[in-house]
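[1] What follows is a protein structure lacking sequence information:
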């Protein structure tokens, strides 16, 4: 096809090329609000955090560059190490338990019944409750004096622990509280289960009538992408646990710093001591740690995550 000529004899681009350029401009305009939001609320604050982390900044006055002194202060702060240990233990224990419980719930919800939609809504509702309200309700339930949980356990002849005032039990109480809202993880697993081809599931039923074999050798390998997604999200959120720890233990992590989490120390450094430079350094360290762990998980995922059409 010969290119069209303008009145002065210059060649005009073909209509398809002009249409493609128009679509590109339209796509850019539609994506522009998101790009602006990403730049204003994510990229620019991230770069400013890196800058403030190397400055002495006490909210009032201009930041003063001090190099790596904030990182040295973090290294020498015993509260930071204590909170980092608590946060690591919280993540190591809570994330696997949460994934296992969410998978069990998804397997139960995957069975088609008349009330399937109702049950899915019920399991998702706790996720919609504000974290502060849920934490306060949890504290009232575990009240050592008249909490219904303790009264029920005592009625069964058991001796419940002092959930909120015993340093040996406080962290486990926080972990127990984190296991309550399982709606997102359960729905992700449920979506993966419902995307398993029916012919594969029926062939597995014929080959091995034992449900355990089907779960281990068919179901779980086919939903490993969902396991990877929930694992990454669970690790990210577990390292950022804040609201529940603040409600249960305050800014001191009572009792005896058993519930002192990394984000709580970061919060009190910024908004109690107004040391924004050191708080920004703590945020930078957290960002690097979570990034490295995420990359390591993605690296190992090549050996255990299977996608549709994978030849392994």
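    All right, it came through fine. Computed from a predicted model, the values in this text were never measured in an experiment.

[2] May I have the predicted confidence score for residue 138?
    On the pLDDT scale, residue 138 is placed at 86.

[3] burial of it, as a residue count?
    Neighbour count of residue 138, defined by other C-beta atoms under 10 Å: 21. Just so you know, the C-beta spots here come from the backbone N, C-alpha and C atoms, and that holds for glycine as well.

[4] do the one 3 residues further on as well
    When neighbours are defined as other C-beta under 10 Å, residue 141 has 14 of them.

[5] and what of residue 235?
    Residue 235: 17 neighbours (other C-beta under 10 Å).

[6] Quick check: it vs residue 228, distance?
    Residue 235 is 11 Å from residue 228, where distance means C-beta to C-beta, to the nearest Å.

[7] Need the overlap of contacts for those two.
    Taking C-beta atoms under 8 Å, 6 or more residues apart in numbering as the criterion, residue 235 and residue 228 both touch residue 297.

[8] what about the closest residue to residue 251 other than its chain neighbours, which helix or strand?
    Excluding the flanking residues, the one nearest residue 251 by C-beta to C-beta, 6 or more residues apart in numbering is residue 268, at 4.4 Å. Using DSSP states H and E, residue 268 sits in helix 262-271.

[9] Could you do residue 50 as well?
    helix 44-52.

[10] can you list the residues that contact that helix?
    Residues contacting helix 44-52 (C-beta under 8 Å, 6+ apart): 63, 276-277, 280, 283-284, 287.

[11] go with 7 Å
    Here helix 44-52 makes contact (C-beta atoms under 7 Å, 6 or more residues apart in numbering) with 63, 276-277, 280, 283-284.

[12] Can you give the distance of that helix from its chain's centre?
    Centroid separation for helix 44-52 versus its chain: 22 Å, with C-alpha atoms, centre = their mean, to the nearest Å.

[13] Buried residues, the next helix or strand after it. List them.
    Sequence-wise, the next helix or strand downstream of helix 44-52 (DSSP H and E) is strand 55-58. Using 16 or more other C-beta atoms under 10 Å as the test for burial, strand 55-58 gives 55-57.

[14] what do you get for stretch 244-264?
    Buried-residue list, stretch 244-264, by 16+ other C-beta under 10 Å: 244-249, 253-255, 257-264.

[15] and what of stretch 97-108?
    Buried-residue list, stretch 97-108, by 16+ other C-beta under 10 Å: 98-99, 102-103, 105-107.

[16] ok, which stretches of the stretch 201-312 of the chain are helices?
    211-214, 220-222, 224-238, 243-249, 262-271, 276-301 (DSSP state H, counting those that start in this stretch).

[17] who touches the fourth one?
    What that stands for is helix 243-249. With C-beta under 7 Å, 6+ apart, helix 243-249 has contacts from 131-132, 135-136, 139, 164, 170, 173-174, 177-178, 259-261, 264.
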